[in-house]
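sequence and predicted structure are below.
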Amino acid sequence: MAAVQVEGLSRHYGEREALDGVSLSLQEGQTLVVFGPNGAGKTTLLRVLATLLRPHAGEVRVLGARLPGEAWAVRGRIGLLGHEPLLYRELTARENLRFHARLHDVAAGRVEELLARVRLEHRADEPLRSLSRGMVQRVAVARAVLHAPELLLLDEPRSNLDPAAVELVDPLIGSASGRTRVICSHDPGGGLAEADVVLGLRDGRPALLRAAGELRAEEIVELYR
Amino acid sequence: MRRTVGALLRKELLVELRTLESVPGMSLFAVTTFVVFHFALQRSSVDGDLAAGILWVTLLFAAILGINRLFVADADQGGFDGFLLAPVERTALLVAKALALLAYLVALEIVAVPAFALLLLGPSLGQAMPQLLGVLALGDLGIAAIGTLVAALAVRTRARDLLGPLLALPLLVPIVIGGARATSPLLTLGHAGDPPTRWLLTLGLYDLVFGLIAYALFDFLLED
């Protein structure tokens, strides 16, 4: 069964079509990388799959649940890492993660484990506002995988991270995590390397949908011209 | 549900303790307003209907400040999305936010009522205090239910700072009327009697109705 199945998805904001006729299929354990210039609809697609936005037309199935009607069935099985870290600046990293752990009914030990894995134990009791953007992004990664989601939705997940931090978070959100992933990226080379399927969006419409093995990075660069 | 409400309420109070964005502003507003009334009325003290009116109108406007801030951290820092992604009952957010607002109102009144007694009130509050606290509690419940509902509605709009008070004020007027009528005998020189039962019942009924409306509508307000 496909982990993500989308047929003719459309979504608009007022008069503007953010997504128009998007279709795709992603098997369990596969990685879909979505490319496209700013405003192409990548983030909107992620938010629809995350159950945060309703599709206005088309059929969307995520982990077997039809959206939006069965959204309740997949909340808690999805991990979203967006542009915003979904964390409170005045709370510490530990407080933020414990808060999310309580919402997801996850044991406190998992918070400590993840703080260690993103190497933030020594700064875990400082308010988030006093941490660098890269550190906040590491906390956000820990938040996204806290409840061991089956599907990861990642919007430029390595932004703000230095190479050492990328190595830290890769086992959690990279291909080694073994999870089904949908990633929005602006990095043709890097994105293509971890993709099984590539979707290119332009003005909300699908401009490209192919297996990653059949694509060259130059074809992705063309999307941005 | 209880565990979720506990987690949300704890987070809410922690954020307020760290930022001090709501309660100090509400309290300062109330005290300043009493000072303004003190000079504007050119009277050293007030009692009865006037005292009750001043107290409740001041508490109402101070509460609006808290209502306007209630969901701001969630909207600005992505807390809404974080909550919506969790497999929990959405009503838990309503209950936690209403309890947080209730706590802010109690904190406000701990400052505002003594300040009111000191700056404006003629009669002593000593004997009437238990009944006054009862009336204030009834008013606070209604303000918390309506305030949470309105704040959730307004926060996702661009004009949230304007829309919040515009929606809240008409809905809160019956609470001010009921609260002032019920409080008036308690603030009259010589203690004119107990709060009229019909006004207490009116406040209680209003709280119940808006509690149920908030419960029924809240899920829809969080939907896209």
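Here it is on my side, so go on. Residues are numbered from 1 along each chain as shown, chains lettered A, B, ... in the order given.

quick one: mean pLDDT over stretch B:203-221.
The pLDDT scores in stretch B:203-221 average 91.

buried ones in it, by neighbour count?
Neighbour-count burial for stretch B:203-221, counted by 16 or more other C-beta atoms under 10 Å in any protein chain shown, picks out B:203, B:206-207, B:210-211, B:214, B:218, B:221. Where C-beta positions appear, they are placed from N, C-alpha and C, glycine not excepted.

is any part of that stretch close to chain A?
No - judged by C-beta under 8 Å from any C-beta of the partner chain, stretch B:203-221 stays clear of chain A, getting no closer than 10.8 Å.

for chain A, just list every one of the strands.
Per DSSP state E, chain A carries strands over the ranges A:2-13, A:16-27, A:31-35, A:57-62, A:65-67, A:78-81, A:151-155, A:180-184, A:197-202, A:205-211.

any chance of the ones you listed in CSV, plus mean pLDDT, mean neighbour count and distance to chain B?
Below are the strands of chain A laid out as CSV (pLDDT from 0 to 100; neighbours: other C-beta atoms under 10 Å in any protein chain shown; distance: least, C-beta to the nearest C-beta, whole Å):
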stretch, mean pLDDT, mean neighbour count, distance to chain B
strand A:2-13, 91, 18, 10
strand A:16-27, 90, 18, 12
strand A:31-35, 93, 26, 19
strand A:57-62, 93, 19, 12
strand A:65-67, 90, 18, 11
strand A:78-81, 94, 26, 6
strand A:151-155, 94, 23, 10
strand A:180-184, 93, 26, 15
strand A:197-202, 90, 23, 20
strand A:205-211, 87, 15, 22
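
A:Pro206 and A:Leu199 touch, don't they?
Yes - counting by C-beta atoms under 8 Å, A:Pro206 does reach A:Leu199; the two are 6.4 Å apart.

so what sits against both of the two?
Jointly contacting A:Pro206 and A:Leu199 under the rule C-beta atoms under 8 Å, 6 or more residues apart in numbering or on different chains are A:22, A:24.

quick one: contacts for the residue in chain A positioned nearest to chain B?
Going by C-beta to the nearest C-beta, chain B is nearest to A:Gly76 of chain A, at 3.2 Å. A:Gly76 is in contact with A:104, A:147, A:149, B:85-87, counting by C-beta under 8 Å, 6+ apart.

ok, now with 6 Å
B:Pro87 (C-beta atoms under 6 Å, 6 or more residues apart in numbering or on different chains).

what parts of chain B come near chain A?
Applying C-beta under 6 Å from any C-beta of the partner chain, we find that chain B lies next to chain A at B:7, B:11, B:15, B:18-19, B:77-78, B:81-82, B:85-88, B:224.

need the max-distance pair from these.
B:Arg18 and B:Asp224 (29.9 Å; C-beta to C-beta).

which of those two has more residues huddled nearby?
Between B:Arg18 and B:Asp224, counted using other C-beta atoms under 10 Å in any protein chain shown, the more crowded position is B:Arg18 (16 against 13).

who's in contact with that one?
A:Glu90.

which helix or strand contains the spatially most distant residue from the centre of chain B?
Most distant from the centre of chain B: B:Pro87, at 29.9 Å, with distances by C-alpha atoms, centre = their mean. Using DSSP states H and E, no element contains B:Pro87; it sits outside every helix and strand.

got a PyMOL select line for the buried ones in the residues of chain B next to chain A?
Buried residues among these (16+ other C-beta under 10 Å), as a PyMOL selection:
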select buried, chain B and resi 7+11+15+18+77+78+81+82+85+86+87+88
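
from the residues of chain B next to chain A, which ones fall inside helices?
Counting by DSSP state H, the residues of chain B next to chain A place B:7, B:11, B:15, B:18-19, B:77, B:81-82 in helices.

and residue 173, what pLDDT?
I'll assume chain A. 90.

let's do chain B instead
For B:Val173, the predicted pLDDT is 93.

so in chain B, which helix runs the longest?
Ranking each helix of chain B by length (DSSP H) puts helix B:91-119 first.

what does stretch A:204-218 rub up against?
The set of residues external to stretch A:204-218 that reach it, using C-beta under 6 Å, 6+ apart, is A:17-20, A:22, A:41, A:188-189, A:192, A:195-196, A:198-200.

from chain A, how far out is the nearest residue to B:Leu153 once chain neighbours are set aside?
Leaving aside its sequence neighbours, B:Leu153 sits nearest to B:Leu221 (C-beta to C-beta, 6 or more residues apart in numbering or on different chains; 5.6 Å). With distances taken as C-beta to the nearest C-beta, to the nearest Å, B:Leu221 is found 14 Å from chain A.

with that, I have no additional questions.
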